[in-house]
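Visitor: Fold the following for me, if possible:
(one chain, ligands or ions: 1)
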Amino acid sequence: MTRRLGVRLVGALLALASSSACGSAPAPVTHEQTRAGPAADSAVPLVDPSLPQIPGPPPPTSKVPAPRGRLAGKVIVLDPGHNGGSAAHPELISRLVDAYTQLKPCNTTGTQTDGGYSEHAFTWDVANRLAKLLRAAGATVILTRSSDNGVGPCITERAAIANRNHATVALSIHGDGGPAAGHGFHVMEPALIAGAPSTAIVDPSHRLAVAVRDQLATVLSPATYIGQDGINTRSDMAGLNLSRVPVVMVECGNMRNAGDARLMRDPAGRQRLAAALAVGLTAFVT
Ligand SMILES: [Zn+2]
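Guide: Numbering: from 1, shown residues only. Model prediction:
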């Protein structure tokens, strides 16, 4: 009992101590926000005009066959947390933006494992693995950034991308920078905040949180240092407060914990995480 209370207090203090759930030092904003809207979703094959044209099948056109699969017609926005170029531009990402309940830096650099594997690389990799799985099932997937070497976009813009695209669901992917002795994942869901854009999506987002939690729990254990049973309700996250579509943020593991870091550094581990997220999202939207 006492220990549990202590753990929760530590979690609460951590949440207060850092505006980023990832435990990173705030690193600010940008005017050259990397934006990956639908364009990131529609890669066009590059053609070298200097090469002779070889007769053959007609080239791909913009006419894409209608997607088939369980997720046909679903629009899923994936937000790979942070960005690889942000650390070099603190002047850009430190600009304060309105997260509804408070002002926060436009973006942060994110955390890393003790061995130097960065959160932005982790989230980029998991998001792309997940996008591939979801697209294979027919979903339209939009990422909030188009590479892992850009700056930003701001947390407000990441939420706006899902809103503008009327996403069926949005998922923000992170890795935490918690206390080294703590391990496990947690899913952050929006708190009910009077008047916030998120008011109408609090209930479905909780169902989403449960669906995602249940699947992540097949890969690693719920966090031992924050939240309850792998779920943490938050009122301080722009990505949650500003969302008008069902949304959760996942801290897939604690990158400062040796065991979690081992899983997160391992491509096979990231594939397992992506697969679990795909099942959780699919369960929610179908
Ligand atoms: Zn993060």
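
Visitor: what does the model give Asp98 for pLDDT?
Guide: pLDDT recorded at Asp98 is 96.

Visitor: Now for the residue lying closest to it once chain neighbours are set aside, how many residues are close by?
Guide: For Asp98, ignoring the flanking residues on the chain, the nearest one in space by CB to CB, 6 or more residues apart in numbering is Thr156 at 6.8 Å. Placement of C-beta: from N, CA and C, glycine included. For Thr156, the neighbour count with other CB atoms under 10 Å is 19.

Visitor: which SSE is Thr156 in?
Guide: helix 155-164 (DSSP states H and E).

Visitor: Helix 155-164 and the helix or strand following that helix, what's the angle between them?
Guide: Under the assignment DSSP H and E, the closest C-terminal helix or strand after helix 155-164 is strand 169-176. On the basis of axes from the mean of the first three to the mean of the last three CA atoms, to 10 degrees, strand 169-176 is oriented at 150 degrees to helix 155-164.

Visitor: Quick check: chain neighbours aside, which residue is closest to whichever residue of the stretch 101-250 of the chain sits closest to the ion?
Guide: The nearest approach of the stretch 101-250 of the chain to the ion comes at His174, 3.4 Å away (CB to the ion). Distances taken as CB to CB, 6+ apart place Gly81 nearest to His174, at 4.1 Å, with adjacent residues excluded.

Visitor: Quick check: the one you found vs the ion, distance?
Guide: Gly81 sits 4 Å away from the ion when distances are taken as CB to the ion, to the nearest Å.

Visitor: Kindly tell me how buried that residue is, as a neighbour count.
Guide: Neighbours of Gly81 under the rule other CB under 10 Å: 32.

Visitor: can you offset everything so residue one is 55?
Guide: OK, 55 is where the count begins now, so the last one is Gly135.

Visitor: Give me the pLDDT value at it.
Guide: Predicted confidence (pLDDT) for Gly135: 98.

Visitor: next one: Arg212
Guide: At Arg212 the predicted local distance difference test score is 98.

Visitor: That one reaches Leu197, doesn't it?
Guide: No - when contacts are counted by CB atoms under 8 Å, Arg212 is not listed as touching Leu197 (10.0 Å).

Visitor: More neighbours: which of the two?
Guide: Summary of the neighbour comparison: Arg212 and Leu197, criterion other CB under 10 Å, with Arg212 having more neighbours (26 against 23).

Visitor: ok, now which ones touch the closest residue to that one other than its chain neighbours?
Guide: Take Arg212 and drop its neighbours on the chain: the residue closest to it by CB to CB, 6+ apart is Thr198, 4.5 Å away. For Thr198, the contact set (CB atoms under 8 Å, 6 or more residues apart in numbering) comprises Arg89, Ala90, Val131, Leu132, Asp133, Pro134, Pro207, Glu211, Arg212, Ile215, Ala216.

Visitor: Thanks a lot, catch you later.
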